[in-house]
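Q: Just a sequence and a predicted model for now, questions to come.
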Amino acid sequence: MTGQIYSTEEMLARLVAFDTTSRDGNIPLIAFIEDYLDGWGVRHIRVDYEAGRKTNLFATIGPDIAGGIVLSGHTDVVPVDGQPWTSEPFTLTRRDERLYGRGTCDMKGFIAVCLAEVPNFLRAGLTSPIHFAFSCDEEVGCKGVRPLIAHMRDNLPKPRAVIVGEPTSMKVVNAHKSAVTFATEVTGHEAHSSLTHHGVNAILVAGELLSEIGRIREDLIAAGDPTQRFDPPYSTVHVGVIEGGTAKNIIPRRCAFQWETRLLPTADPAYVPQRFEAFAQRLEPAMRAVAPETGIATETVNQVPGLAPEQDSPAEILALHLANANSTHAVSYCTEAGLFQQIGIPAVICGPGSIEQAHKPDEWIEHGELRKCEAFMGKLVQQLA
């Protein structure tokens, strides 16, 4: 069976043309990929995250046996709203050695290489399978891939390794930090601003909590990173959103803020939330002495596990060989790799483009990065044929 042949750049142009901003879904892009794979007789399944709006695609080339290699990438992109693009974000634009468009770097460039290589994968007569795992809603907390990973764990032959093609300039990354998002809401007690002793000021209580987060931040910096592999070389804590109050002459009843940790893979995940909660509990008695309905509530909104280095990892050994590299790297951003590692599949990150170009206006990838990724795939075929 012979399907449509695309160069990597032609495939990338097709993928970029689909606006797959996380909030809007990815079904049209997935349907295009399915039609393309059907033309080559490649078997595939969907695993939905939100039926009719957002889905994941899993495909297999080669025998249906354990020990295959998963090439993993997310199909969603971040918004372009308010960004000063100089070209149409969802039209691939060539200027010199760069290809511009939303998702070129993060991470439709990698997916384009995977798909354009399908004819080569098929011609090789693979004795061990190559799988595609193309996900949704990675950009909003690595949420969409979770049903796919559960399906892989429960229903499919176990792969030998996962290569997540996030932009690393084709360097092999074997470690990244975790990301945990929290939402804290302070409930105070309203009163006239001239009668502060009759109220509980939710904003002032939140201020004390934020000060404690600042102290935690300093302690994390002091603890540092024993491996000195990360930038910055310590675990971090960050507050991103805060809201509260209704008028300047009303003691505010409510204040809420969202915050996150980015922890080293070796860090104790319980340390920050337990310390924060212990501090919050020390504030509540004074609040409730004024009004019993007051309090502080914190919810864990989302958790993305870190990627921990694994000694003698088959994923790391393979990726280093394919990339012609002899050393591994660590990054501070999160990926889906840690979720694969959680179900017992060794994972690394290696893909074309630089993370410095991701999420920006005029996002781009160099032609040369795509060529390096194609060479990587060529060596992969030689390993599995």
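A: Yep, it's here.

Q: middle-most residue in the chain, spatially?
A: Thr335 (3.7 Å; C-alpha atoms, centre = their mean).

Q: Roughly how far does that one sit from Val173?
A: 8 Å (C-beta to C-beta, to the nearest Å). C-beta here means a position set from N, CA and C on the backbone, and glycine is covered the same way.

Q: just Ile251 next, same as before
A: For Ile251, the distance to Val173 - C-beta to C-beta - is 49 Å.

Q: Ok, Gly73 next?
A: Distance from Gly73 to Val173, counting by C-beta to C-beta: 14 Å.

Q: go on, Arg253?
A: Using C-beta to C-beta, Arg253 is found at 46 Å from Val173.

Q: need the longest helix for the protein.
A: helix 202-223 (DSSP state H).

Q: Restricting to C-alpha, output that one in PDB.
A: Extracted C-alpha coordinates of helix 202-223, given in PDB (Å, rounded to 0.1, in the frame of the first residue of the first chain):
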ATOM      1  CA  ALA A 202      -8.400  37.900  54.000                       C
ATOM      2  CA  ILE A 203      -5.900  39.900  52.000                       C
ATOM      3  CA  LEU A 204      -3.700  40.500  55.000                       C
ATOM      4  CA  VAL A 205      -3.900  36.800  55.900                       C
ATOM      5  CA  ALA A 206      -2.900  36.000  52.400                       C
ATOM      6  CA  GLY A 207       0.000  38.400  52.700                       C
ATOM      7  CA  GLU A 208       1.300  36.400  55.700                       C
ATOM      8  CA  LEU A 209       1.000  33.200  53.600                       C
ATOM      9  CA  LEU A 210       2.800  34.800  50.700                       C
ATOM     10  CA  SER A 211       5.600  35.800  53.100                       C
ATOM     11  CA  GLU A 212       5.900  32.200  54.200                       C
ATOM     12  CA  ILE A 213       6.200  31.100  50.600                       C
ATOM     13  CA  GLY A 214       9.000  33.600  50.200                       C
ATOM     14  CA  ARG A 215      10.800  32.100  53.200                       C
ATOM     15  CA  ILE A 216      10.300  28.600  51.700                       C
ATOM     16  CA  ARG A 217      11.800  29.900  48.400                       C
ATOM     17  CA  GLU A 218      14.900  31.100  50.200                       C
ATOM     18  CA  ASP A 219      15.300  27.800  52.000                       C
ATOM     19  CA  LEU A 220      15.000  25.900  48.700                       C
ATOM     20  CA  ILE A 221      17.700  28.100  47.200                       C
ATOM     21  CA  ALA A 222      19.900  27.500  50.200                       C
ATOM     22  CA  ALA A 223      19.400  23.700  49.900                       C
END
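
Q: Which neighbouring elements make contact with it?
A: strand 179-187, strand 236-244, strand 254-262, helix 271-290 (3 or more C-beta pairs under 8 Å, 6 or more residues apart in numbering; DSSP states H and E).

Q: now those in TSV, with mean pLDDT, distance to Leu380 and mean neighbour count?
A: Below are those laid out as TSV (pLDDT from 0 to 100; distance: least, C-beta to C-beta, whole Å; neighbours: other C-beta atoms under 10 Å):
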stretch	mean pLDDT	distance to Leu380	mean neighbour count
strand 179-187	98	29	20
strand 236-244	97	35	15
strand 254-262	98	31	20
helix 271-290	98	39	14
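
Q: Tabulate those (TSV), appending distance to Phe32.
A: Listed next are these as TSV, based on distance: least, C-beta to C-beta, whole Å:
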stretch	distance to Phe32
strand 179-187	31
strand 236-244	35
strand 254-262	34
helix 271-290	42
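
Q: out of the ones you listed, which comes closest to Leu210?
A: Of all these, strand 236-244 sits nearest to Leu210, with 6.2 Å by C-beta to C-beta.

Q: which other helices and strands contact the closest one?
A: Secondary elements touching strand 236-244 (3+ C-beta pairs under 8 Å, 6+ apart): helix 202-223, strand 254-262.

Q: can you rerun that using 10 Å?
A: With contacts defined as 3 or more C-beta pairs under 10 Å, 6 or more residues apart in numbering; DSSP states H and E, the packing partners of strand 236-244 are strand 179-187, helix 202-223, strand 254-262.

Q: re the thing from before, have a look at Arg253 and Val173 and say which one is more surrounded.
A: Between Arg253 and Val173, Val173 has the larger neighbour count (other C-beta atoms under 10 Å), namely 25 against 22.

Q: That one contacts Leu320, correct?
A: No. At 11.1 Å, Val173 does not count as touching Leu320 under the criterion of C-beta atoms under 10 Å.

Q: can you list residues touching both of those two?
A: Thr328, Val348, Cys350 (C-beta atoms under 10 Å, 6 or more residues apart in numbering).

Q: Check what pLDDT Met1 gets.
A: pLDDT, Met1: 67.

Q: Over to Gly368?
A: 97.

Q: Contact partners for the residue nearest to it when sequence neighbours are not counted?
A: Leaving aside its sequence neighbours, Gly368 sits nearest to Glu97 (C-beta to C-beta, 6 or more residues apart in numbering; 6.7 Å). Contact analysis of Glu97 by C-beta under 10 Å, 6+ apart lists Trp364, Ile365, Glu366, His367, Gly368, Glu369.

Q: Provide a list of residue ranges in the chain with pLDDT below threshold.
A: 1 (pLDDT under 70).

Q: For it, just list every one of the helices.
A: Using DSSP H, helices in the chain cover 8-16, 27-39, 109-116, 118-123, 146-155, 202-223, 271-290, 314-322, 337-342, 367-384.

Q: relative orientation of the last one and helix 8-16 in degrees?
A: Spelled out, that is helix 367-384. 100 degrees (axes from the mean of the first three to the mean of the last three C-alpha atoms, to 10 degrees).
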